[in-house]
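**Q** Below are the sequence and a predicted model; questions follow.
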Amino acid sequence: MPAGRPTPPGSTSAERAKEPDPRDRAGGRRPLAADLSASVTVFLIALPLSLGIALATGAPLQAGLLSAAVGGIVVGLLCGAPLQVSGPAAGLTVVTADLIQQYGWRATCAITALAGLTQLALGSLRVARSALAVSPAIVHGMLAGIGVTIALAQLHIVLGGSPQSSPVDNTLALPGQLADLHTGAVSVSAVVIVVLLGWPWLCGRGTGPLRYLPGALAAIVVATGFASLTGMRLPRVDLPAWSSHALAGAPDGPVLGLVAAVLTITVVASVESLLSAVAVDKLAMARGDAHPVPRADLDRELRAQGAGNFVAGLCGGLPVTGVAVRSSANVAAGAVSRRSAVLHGVWVVLASLLLVGMLELIPLAALGALVMVVGIQMVKISHMRSVRRHREIPVYAATVAGVVLLGVLEGVAVGIAVAVAVALHRLSRTRVTLERRPGGPGPGAEGGAGRDERKDTYRVQVHGQLTFLAVPRLSRVLTQVPRGAAAEVELTGSFMDHAAYETLQEWRRAHVAHGGAAELTTATGRRIAEPGTAHHCHPWTPWRNHCCVTTPEAPAPAHRLLSGISTFQRNTAPRLREELARLAREGQRPTQLFLTCSDSRVVPSMITSSGPGDLFTVRNVGNLVPPPDGTGQRAGADAGTGPRDDSVAAAVEFAVEVLRVESITVCGHSGCGAMGALVDGEAARGADAGSAAGDVPPTPLRRWLHHGLPSLVRARAGGPRITGRPYADESERVSLANVAQQLDHLRRHPCVRRRLADGSLSLHGMYFHVGEAQTYVLGAEGDFTAVRPGPAAGQPQPAPA
């Protein structure tokens, strides 16, 4: 047993000797073994892809192997994302190919090195997080455009020809290429595509070593074997001696063009690396290791990528970036540290030195087909669905078209311009409506004739964000409100700029000066002109993707709870910390006691738009208040007998005597299980069982429901109802009567009776219909009235019950 390791109580020495030390294992294997196994998997993926990407760019094939080694060893040693694997990536294929055509290979290497220095500078300035501010629609569109460009170029190699200089030229030359097919190249490419598409299915059905062989390597091996066995004469990989490998040379060309080239590689490589690092973080956390991998330090990762590009450029390699395919394979293979990426680079070095003869058997058409499939896979349907769900298809489509027709940097610029235009359009798309609510009849009018229009209420609703762009539209509608009329302006958006605010305030002052009444409110009824009366907590914000039903893919309840707590700590706690610190210093001073049911669908803070320190809440099954003298459990029979419960009485006494609350509200709700049990006779059956069995008492739930029997009697005798509609069912009839009955029980508590007598306490009844999201309050007439949306002044006031 290692020193300092705690011994589980009750375990024997033999059991303790067999226990694996979690500090020495990850996922059932030792960390070194796990990294070694993962490095081999990543190497088998990186080897064919590095050669294929070098072929697609028109660079020497050794450049792909060199960049894979630099990405593994240099970036792996310095990286801030331990499980990310770097190397040549398809995302930079189009950019690199254009630079090679324009400036030549050696100048492109120098541009790569300068881009690396730029990344080092940006990482030192700690701006890595800023790169993630780019709209996902632009990033997805950029990758999709690059994928389309790659696929069009490599399709010519698959068909046995040579790619043209641009996607447009490749598309125009395609009919001629189809008319002049090279049978051997097409056959080898077809083998690669079939193996790539069928490999996941084959691995899913097998249990042997084939499961651990990456599909890319399997496709290249099968295609190479097919070409060799059939004796096809095809262009194959040619790896000259390393002694003749070209290094970086001084670039020659316009300064602005070179600067643009450096910035293009910097932007594309940085964004792709940082997005991949964030994705790898999520994969690692979802894996749930015994030893959690440290979260990515994005600024350090950006500096590591810069160092890798600087070394790769000087040594004559392709640009390096974090590669999502290799990184996700690294995580899935069980890697636990940066050693797996470094070892994968070592294996690439050994292969480029010792396996040259085997690599030169690979047909170029096989590599072209592999890269073409990778390019097609960069156009992801899931990305399109996500973009459509967020209504950003125009941004995505413009970026794709810009990248394909103009180039990567130009396409990204087009996407940014369209994104800005879409944002401005949404800001300016504000709808302003005017509604007139008829007032009462004029003096001496009969039957409504001669109605006084000055008593009409005018309601102006502003839908959307209120900015200076919508001020002309707002002003036109405000001028339609007659002088001297009562007006209400309701803002439903979440933002109002200074120009719009000044316009509203000036109109309000002028309208009031001419004898009218004007009120500015939000959709929740808060008065904008009276910030001192505004509530210190925002109303409940609807959540999305909420699901109360456990599905096979949903996390366990404990994990959902911890996830919710984590979200609170991340999003809500920073906003509430100052207010909670004040409450901690001053103590709680709630003005209301809110007594309601334990039902999970009833959220007091949501219904009342309240926050910390506002409500002293008591919850129990059925929102019951046992009378202080123990009577009433059997509907008035056997007074003095039956269970006695002091928990609710203690809470009431504490709220009334210690906290000095000003009101007590009893809130029932629709679909209450306790009221349903009363209707079904569960409490009565429980009472009978307890009295008949003698030594077998009723269950705690049935004993508690005895306190609700007077509510059942009250309902059947004709209790309160909701104004304007019949009871939905018998359970609703009992729930409404139960609210009134529990208010009667509260009056019998001595502390409540004293405060009611001196006028310092009021009681209120409330009913919440869950399915309608509608609240009803108990009025002075003894019935419940619906609370309507709008300013508080227009609501029915809950009368003291």
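**A** That came in fine, so what should we check first?

**Q** Give me the contacts around stretch 654-666.
**A** 588-596, 616, 618, 623, 625, 652, 739, 742-743, 746, 749, 751-752, 755, 760-766, 798 (C-beta atoms under 8 Å, 6 or more residues apart in numbering). For every residue, glycine as well, the C-beta is placed using N, CA and C.

**Q** I meant to write stretch 252-262 there.
**A** With contact meaning C-beta under 8 Å, 6+ apart, stretch 252-262 is reached by 99, 102-103, 107, 111, 114-115, 118, 251, 409.

**Q** Same question for it: list its buried residues.
**A** Neighbour counts over stretch 252-262 (16 or more other C-beta atoms under 10 Å) mark 258, 261-262 as buried.

**Q** Which ones among the residues you listed map onto helices?
**A** Residues of these located in helices (DSSP state H): 258, 261-262.

**Q** Assign residue 461 to helix, strand or coil.
**A** Counting by DSSP: H, G, I helix; E, B strand; the rest coil, the backbone at residue 461 sits in strand.

**Q** Hmm, I typed the wrong one, I wanted residue 728.
**A** coil.

**Q** For burial, what's the neighbour tally of it?
**A** Neighbour count of residue 728, defined by other C-beta atoms under 10 Å: 15.

**Q** Let me know whether it touches residue 670 as I believe.
**A** Yes - at 7.1 Å, residue 728 counts as touching residue 670 under the criterion of C-beta atoms under 8 Å.

**Q** From the ones in helices among the buried residues of stretch 252-262, pick the one nearest residue 312.
**A** Among these, residue 262 lies closest to residue 312 (C-beta to C-beta), at 14.4 Å.

**Q** how much space between the closest one and residue 318?
**A** Distance of residue 262 to residue 318, computed by C-beta to C-beta, to the nearest Å: 15 Å.

**Q** same deal with residue 679?
**A** From residue 679 to residue 318 the distance is 75 Å (C-beta to C-beta).

**Q** If you count surrounding residues, which of those two has more?
**A** Each of residue 679 and residue 318 has its neighbours counted (other C-beta under 10 Å); residue 318 has more, 32 against 18.

**Q** ok, which stretches of the stretch 551-700 of the chain are helices?
**A** Using DSSP state H, counting those that start in this stretch, the helices of the stretch 551-700 of the chain run over residues 557-567, 573-586, 604-608, 647-653, 673-680, 682-693, 700-705.

**Q** For those, give me TSV that also has mean pLDDT and distance to residue 420.
**A** TSV is the format used below for the helices of the stretch 551-700 of the chain (pLDDT from 0 to 100; distance: least, C-beta to C-beta, whole Å):
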stretch	mean pLDDT	distance to residue 420
helix 557-567	73	31
helix 573-586	85	29
helix 604-608	89	36
helix 647-653	93	56
helix 673-680	90	53
helix 682-693	49	63
helix 700-705	88	60
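
**Q** What's the local residue count around residue 300?
**A** Residues within reach of residue 300, counting by other C-beta under 10 Å, total 16.

**Q** List the contacts of it.
**A** Applying C-beta under 8 Å, 6+ apart to residue 300 gives the contacts 78-80, 123.

**Q** out of the residues you listed, what pair is the most spread apart?
**A** Pairwise distances across the contacts of residue 300 (C-beta to C-beta) peak at 11.3 Å, for the pair 79 and 123.

**Q** one step back: buried ones only from the contacts of residue 300, please, as a PyMOL command.
**A** This is how PyMOL selects the buried members of the contacts of residue 300, with burial counted by 16+ other C-beta under 10 Å:
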select buried, resi 78+79+80+123
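
**Q** are any of the contacts of stretch 654-666 buried, and which?
**A** Using 16+ other C-beta under 10 Å as the burial test, the contacts of stretch 654-666 include 590, 592-596, 616, 618, 623, 625, 652, 739, 742-743, 746, 749, 751-752, 755, 761-766, 798 as buried.
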